[in-house]
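Engineer: Okay, sequence plus prediction incoming.
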Amino acid sequence: MAHEHVRARRAAGVTLAWLGCAGLAVSMARAMTWEGGDDAPAGACVVSRISVDYDVDYVPGLGGYGVIATSLSDVPDDCAGREVAVTLHGADDAALAETRAPVTAPTTTVRVGDPVPVEQLGGVSLALVTDGEATVDVDPLPAG
């Protein structure tokens with residue numbers, strides 16, 4: 001029984017490492033391209049500059065590992081004070097969980113209300129909301 005638990009933890013660790021690398025690669029690729037024409041001024045609130053990582057832990061209710069929070073880093077100073085809506089998507093792009101939180105720079109942690117099983121996670125989208133306007137950015141994870 002203990003051996004199966006170790007194997008499950010090891011498999012979850014490998015999956016988590018793969019998701020982290022994939023998320024980092026997608027975030028870095030999006031940070032290198034800004035669709036605003038000219039370069040955005042330093043500190044400007046550009047969603048594609050924000051890197052997303054997942055906080056994963058064993059969730060007894062799921063019987064396995066789940067995403068319990070998202071960690072946003074490299075948050076531009078001009079984004080502070082806004083609200084961020086983080087939506088975790090499945091492979092079919094269906095929303096699995098959505099949580100909102102105030103934005104702080106340079107990092108923001110957004111807790112997930114109901115943890116999402118790691119194996120169901122397909123991507124994440126961010127929406128920064130201020131004065132009724134939203135800027136949305138979607139970073140799907142590569143299939144595999």
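Structural biologist: Sure, I can see it.
Engineer: switch to C-alpha atoms for all contacts and neighbour counts from now on
Structural biologist: Fine.
Engineer: any idea how far Ala44 is from Val67?
Structural biologist: 29 Å (CA to CA, to the nearest Å).
Engineer: Give me the more crowded residue out of the two.
Structural biologist: Val67 (24 against 13; other CA atoms under 10 Å).
Engineer: The more buried one - that's part of a strand, no?
Structural biologist: Yes: counting by DSSP: H, G, I helix; E, B strand; the rest coil, Val67 is part of a strand.
Engineer: quick one: low-confidence ranges for this protein?
Structural biologist: 1-43, 130-144 (pLDDT under 70).
Engineer: Tell me which stretches of it form strands.
Structural biologist: For the chain, applying DSSP state E gives strands covering 51-59, 64-73, 83-89, 95-102, 108-117, 123-130, 133-140.
Engineer: from the ones you listed, which stretch is densest packed?
Structural biologist: Comparing the strands of the chain by mean neighbour count (mean count of other CA atoms under 10 Å), strand 83-89 ranks first with a mean of 22.
Engineer: Enumerate the sheet neighbours of that one, specifying parallel or antiparallel for every one.
Structural biologist: With DSSP bridges as the test, strand 83-89 is paired with strand 95-102 (antiparallel), strand 123-130 (antiparallel).
Engineer: Tabulate those strands in TSV, adding columns for distance to Pro60.
Structural biologist: Formatted as TSV, the strands paired with strand 83-89 follow (distance: least, CA to CA, whole Å):
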stretch	distance to Pro60
strand 95-102	18
strand 123-130	23
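Engineer: Nearest to Ser48 among the ones you listed would be which one?
Structural biologist: strand 123-130 (9.3 Å; CA to CA).
Engineer: who are the neighbours in contact with Pro117?
Structural biologist: By CA atoms under 8 Å, 6 or more residues apart in numbering, Pro117 lies in contact with Leu62, Gly64, Tyr65, Gly66, Val67.
Engineer: Sounds good, over and out.
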